[in-house]
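>>> Provided below are the primary sequence and the corresponding predicted coordinates.
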Amino acid sequence: MNTGDFFKNLVSEKSITWCNGKMSEENTPNKSPSVKLIPNQDYFKIDLRAMFIPDQRKWLTKYHAVVYSFISVPHPTGNIHEFNVITTPSKLQEMDKSNLSRVVMVNIPLLGNVPYTGVNVNMQVGLYSVVSSKITKPIIDLFSEMSKMAGVSFVANALPYVKLLDRGISIISNTESENELEVGFVDTVSDLSTGYYVFTRAPKSRVTLSELMISQEDCSLMFKNGKVFDEFPYIIIEISALKNRNDWFQIPDIKSTYNIFLDKIKTRNKQTTYAALLNLESALKFSGDLLKKDADKIYKKIKKETDEFLTIHRGTTIKIFPEAANLKVF
């Protein structure tokens with residue numbers, strides 16, 4: 001993906017150091033201790049929690065606040081996979097100067113439940129104000145819908161949409177248009193830790209992160225003395241870690257195999273059921289979207305439930321294995 005000009009306006013201001021970084025635990029909503037992610041032992045996800053655009057440009061009458069996210073992660077298969085999100089929260093569509101300056105608390109997944117490998121993760125996230133007269137709502141809705149279809153968790157889903165979403169951000173970030181990048185960040189990290197990360201357009205000479213805290217009520221940014229932080233645009237993201245992936249049955253390279261297994265076990269045919277279970281075991285343990293420990297746990301649970309189910313329903317099993325013909329049928 002060509003992202004060379006993505007944050008051109010921000011990065012070109014080399015003389016300015018922005019008030020950005022990880023918020024200390026005591027200044028976050030849940031005050032949860034930060035945990036360092038363990039390679040090949042944790043899944044991680046990234047969510048956009050809050051955004052704010054101040055009422056500074058009075059000439060702007062109607063606009064869309066568009067969030068763009070590009071995150072590339074190393075996949076256990078050895079490839080680098082890209083996840084794109086272009087979305088407009090419903091509360092930030094067709095806004096005007098009368099309701100421009102307000103915080104919007106959101107819960108937008110930018111990356112969901114992918115294995116952490118300990119190798120570099122590239123992140124580019126930006127909040128744009130897009131002039132409505134320059135780009136129509138249906139176009140933004142189209143890119144938003146493609147983002148949903150691509151997903152933020154499953155590699156196979158994301159692949160077909162990469163180039164289309166790349167085209168979407170090219171339109172939105174066109175430097176010749178009146179669209180403006182309000183705030184954004186570019187970072188490549190290998191050592192990830194859970195917690196809240198704040199990115200503002202405030203110069204560090206004016207504001208330091210140690211002066212700020214995140215409100216527990218609406219996830220807005222404020223000064224510790226109670227004053228609202230409303231002079232500069234900002235975004236807040238949260239990085240979380242998980243040990244188990246509860247949506248494993250939705251992973252594309254597992255879903256079809258799991259559905260076949262379900263069809264077979266419903267017949268109570270032991271031979272075909274265990275054949276399908278064997279295929280499911282391979283799909284689980286060799287999926288790049290599951291951690292090995294998690295895949296083993298999922299398989300053992302399914303195997304145990306399968307054994308118990310076919311033991312209880314022994315009537316069908318008798319018809320399959322002639323040597324069991326003298327057993328009592330329940």
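Ah, there it is.
>>> Only C-alpha atoms from now on, for both contacts and neighbour counts.
Noted.
>>> Could you check how far residue 49 is from residue 278?
41 Å (Cα to Cα, to the nearest Å).
>>> Looking at those two, which is more packed in?
residue 49 (21 against 16; other Cα atoms under 10 Å).
>>> Checking that one next. Helix, strand or coil?
Under DSSP: H, G, I helix; E, B strand; the rest coil, the three-state class of residue 49 is strand.
>>> where exactly do the strands run in the protein?
Ranges of strands within the chain are 18-22, 43-53, 63-74, 80-87, 102-115, 121-131, 180-189, 195-203, 212-214, 221-223, 234-242, based on DSSP state E.
>>> To residue 273, which of the ones you listed lies closest?
strand 102-115 (29.6 Å; Cα to Cα).
>>> right, and residue 17 touches residue 206 too?
No: at 10.1 Å, residue 17 does not count as touching residue 206 under the criterion of Cα atoms under 8 Å.
>>> Neighbour count: these two, which is higher?
Using other Cα under 10 Å, the more surrounded residue of residue 17 and residue 206 is residue 17, with 12 against 8.
>>> Show the contacting residues for the more buried one.
By Cα atoms under 8 Å, 6 or more residues apart in numbering, residue 17 lies in contact with 203, 204, 205.
>>> if we go to 10 Å?
201, 202, 203, 204, 205 (Cα atoms under 10 Å, 6 or more residues apart in numbering).
>>> can I get those residues in CSV with pLDDT, distance to residue 265 and neighbour count?
Output for those, formatted as CSV (pLDDT from 0 to 100; distance: Cα to Cα, whole Å; neighbours: other Cα atoms under 10 Å):
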residue, pLDDT, distance to residue 265, neighbour count
201, 90, 57, 19
202, 93, 60, 19
203, 92, 62, 14
204, 90, 62, 14
205, 90, 65, 10
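>>> May I see those arranged in TSV, with distance to residue 215 as well?
Output for the contacts of residue 17, formatted as TSV (distance: Cα to Cα, whole Å):
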residue	distance to residue 215
201	19
202	18
203	21
204	21
205	23
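>>> which stretch among the strands of the chain comes nearest residue 34?
strand 195-203 (5.6 Å).
>>> Tell me which strands the closest one pairs with, and in which orientation.
strand 18-22 (antiparallel), strand 234-242 (antiparallel) (DSSP bridges).
>>> For stretch 67-81, what does the pLDDT average out to?
For stretch 67-81, mean pLDDT is 80.
>>> Any buried residues in it, and which?
67, 68, 69, 70, 71, 72, 73, 74, 75, 76, 81 (16 or more other Cα atoms under 10 Å).
>>> ditto for stretch 223-239
Here stretch 223-239 shows 223, 229, 230, 232, 233, 234, 235, 236, 237, 238, 239 as buried, counting by 16+ other Cα under 10 Å.
>>> Give me the domain ranges for the protein.
Taking automatic domain parsing as the reference, the chain has its domains at 17-242, 248-324.
>>> what pLDDT, on average, does the last one get?
The reference is to domain 248-324. Mean predicted lDDT for domain 248-324 stands at 86.
>>> Verify the stated contact: residue 76 with residue 117.
Yes: using Cα atoms under 10 Å, residue 76 makes contact with residue 117 at a distance of 7.4 Å.
>>> Which elements pack onto the biggest helix by length in the chain?
Scanning the chain for the longest helix, with DSSP state H as the assignment, gives helix 292-312. Judged by 3 or more Cα pairs under 10 Å, 6 or more residues apart in numbering; DSSP states H and E, helix 292-312 is in contact with helix 252-266, helix 270-285, helix 314-320.
>>> ok, 7 Å please
If you count contacts as 3 or more Cα pairs under 7 Å, 6 or more residues apart in numbering; DSSP states H and E, helix 292-312 packs onto helix 270-285.
>>> Using PDB, write down the CA coordinates of the helix it packs on.
Below are the C-alpha coordinates for helix 270-285, written out as PDB (Å, rounded to 0.1, in the frame of the first residue of the first chain):
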ATOM      1  CA  LYS A 270     -19.300 -42.400  14.100                       C
ATOM      2  CA  GLN A 271     -17.100 -43.100  11.100                       C
ATOM      3  CA  THR A 272     -17.900 -40.000   9.100                       C
ATOM      4  CA  THR A 273     -18.000 -37.800  12.200                       C
ATOM      5  CA  TYR A 274     -14.500 -38.700  13.300                       C
ATOM      6  CA  ALA A 275     -13.200 -38.300   9.700                       C
ATOM      7  CA  ALA A 276     -14.700 -34.800   9.700                       C
ATOM      8  CA  LEU A 277     -13.200 -34.100  13.200                       C
ATOM      9  CA  LEU A 278      -9.800 -35.100  11.900                       C
ATOM     10  CA  ASN A 279     -10.100 -32.500   9.100                       C
ATOM     11  CA  LEU A 280     -11.200 -29.900  11.700                       C
ATOM     12  CA  GLU A 281      -8.200 -30.700  13.900                       C
ATOM     13  CA  SER A 282      -5.900 -29.900  10.900                       C
ATOM     14  CA  ALA A 283      -7.800 -26.700  10.100                       C
ATOM     15  CA  LEU A 284      -7.600 -25.500  13.800                       C
ATOM     16  CA  LYS A 285      -4.000 -26.400  14.400                       C
END
